[in-house]
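Trainee: quick one, structure for this:
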Amino acid sequence: MSLITTGIIMGLLGTVAMDVWAMLLNRFFGQPLPNWGNVGRWAGHLPSGTVFHDDIARVDPIGGEIGLGWAVHYGVGVLYGVAFVLIAGPAWLANPSFVPLWLFSLATIAAGWFLLQPGMGLGWAASKTPQPWKVRVMGLLAHTVFALGMWIGALV
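Mentor: Numbering: from 1, shown residues only. Below is the predicted model:
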């Protein structure tokens, strides 16, 4: 199997694991599910050159924003999976260890904290949310679950 194919599988499994985690948190702890429609709305306005919004909920909706948000979510997961295997290489795949993958997945949260969240009007690292540290910790946990899913993909 090629590095790219392996990376795609790892990214898909990591993203699925993250979504299952979100569903479990919702079911057992009442944690709201991610709103991928807002991500789709944000992404849908990127071609017009607008990256940062004051409040994504007040931005004009776009057709298919929920589907676009899900596509962005899975596309980014696949991109991260491919990027990791290209960086780590075949030697890592021959004996995949969790820690490098976990550190990589924690580093990827920077895109959410410094691009996506401020882009949607939530501030740098969710600083404009009612509980920024809760959002940050939940993001770190979600990215840890993402790493676990990718690691399972590498082991398989």
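Trainee: every contact and neighbour count from this point should use C-alpha atoms.
Mentor: Will do.
Trainee: which helix or strand contains Ile4?
Mentor: According to DSSP states H and E, Ile4 maps onto helix 3-29.
Trainee: and Lys134, by the same measure?
Mentor: Using DSSP H and E, Lys134 falls within helix 132-155.
Trainee: elements contacting that helix?
Mentor: helix 3-29, helix 98-107, helix 109-111 (3 or more C-alpha pairs under 8 Å, 6 or more residues apart in numbering; DSSP states H and E).
Trainee: on that earlier part again, for the helix holding Ile4, what is the average pLDDT?
Mentor: Taken as a whole, helix 3-29 has an average pLDDT of 98.
Trainee: may I see the buried residues of that helix?
Mentor: Using 16 or more other C-alpha atoms under 10 Å as the test for burial, helix 3-29 gives 3-4, 6-19, 21-23.
Trainee: from the chain's centroid, how far away is it?
Mentor: Helix 3-29 sits 9 Å away from the centroid of its parent chain (C-alpha atoms, centre = their mean, to the nearest Å).
Trainee: elements contacting that helix?
Mentor: helix 65-94, helix 132-155.
Trainee: tilt between that helix and helix 98-107?
Mentor: Following axes from the mean of the first three to the mean of the last three C-alpha atoms, to 10 degrees, one obtains 70 degrees for the angle between helix 3-29 and helix 98-107.
Trainee: what is the subsequent helix or strand relative to helix 3-29?
Mentor: Helix 3-29 is succeeded, C-terminally, by helix 36-45 (DSSP H and E).
Trainee: understood, closing this out.
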